[in-house]
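1. Quick one: sequence plus predicted model below, questions after.
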Amino acid sequence: MRSRSETALIWLLRFSAAVLLGALVPVVMPHAWMDAIHRALGMGELPETPLTGYLTRSLSLFYAYHGGLLLFISFDVRRYLPLVQCLAGISLAFGVALLAIDAAVGMPTFWTAAEGPFVVLLSVVLFALARKSGER
């Protein structure tokens with residue numbers, strides 16, 4: 001029988017996986033669409049260079065890769081509980097780094113205020129649920 005914390009952990013992992021797997025769309029998105037989004041965010045024209053194409057698509061693919069891993073883990077959280085705790089710790093550091101990077105490169109304020117802090121919050125909740133699930 002699953003505890004409430006284990007069930008919550010499973011669903012949080014699956015929710016995170018679904019969001020991250022959504023990053024597959026930009027991997028194949030036409031540059032014109034990315035440019036339109038870039039402009040809508042008030043950041044001007046998105047340069048169409050090999051490096052820009054590589055970075056936008058490979059980063060999106062890496063987010064989706066992470067989502068696939070979280071989805072896989074969600075089907076046997078008891079087995080992978082130490083990995084969930086490790087990923088939560090790494091994600092916490094990642095969220096702090098995102099906040100610093102967003103601020104340093106001049107991302108829009110709403111983006112900076114949302115992205116890093118959300119990842120930090122998610123990481124703390126993941127770690128707490130994993131820890132509570134491991135106490136069984």
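-> Alright, I've got the coordinates.

2. Now do the helices in this protein.
-> All helices of the chain, identified by DSSP state H, fall at 4-21, 24-28, 31-40, 50-74, 81-105, 109-134.

3. Output these as CSV; include the columns mean neighbour count.
-> (C-beta placed from N, C-alpha, C; glycine too.) What follows is the helices of the chain, written out as CSV (neighbours: other C-beta atoms under 10 Å):
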stretch, mean neighbour count
helix 4-21, 17
helix 24-28, 14
helix 31-40, 13
helix 50-74, 15
helix 81-105, 15
helix 109-134, 17
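
4. In JSON lines, list the ones you listed along with mean pLDDT.
-> Formatted as JSON lines, these follow (pLDDT from 0 to 100):
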{"stretch": "helix 4-21", "mean pLDDT": "97"}
{"stretch": "helix 24-28", "mean pLDDT": "97"}
{"stretch": "helix 31-40", "mean pLDDT": "96"}
{"stretch": "helix 50-74", "mean pLDDT": "97"}
{"stretch": "helix 81-105", "mean pLDDT": "97"}
{"stretch": "helix 109-134", "mean pLDDT": "95"}
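
5. which residues does residue 20 contact?
-> 63, 64, 66, 67, 70 (C-beta atoms under 8 Å, 6 or more residues apart in numbering).

6. Residues in contact with stretch 123-136: which ones?
-> With C-beta under 8 Å, 6+ apart, stretch 123-136 has contacts from 3, 5-6, 8-9, 12-13, 16, 77-78, 81, 84-85, 87-89, 91-92, 94-95.

7. mind running it again at 10 Å?
-> Contacts with stretch 123-136, where a contact means C-beta atoms under 10 Å, 6 or more residues apart in numbering, come from 1-13, 16, 70, 77-78, 80-96.
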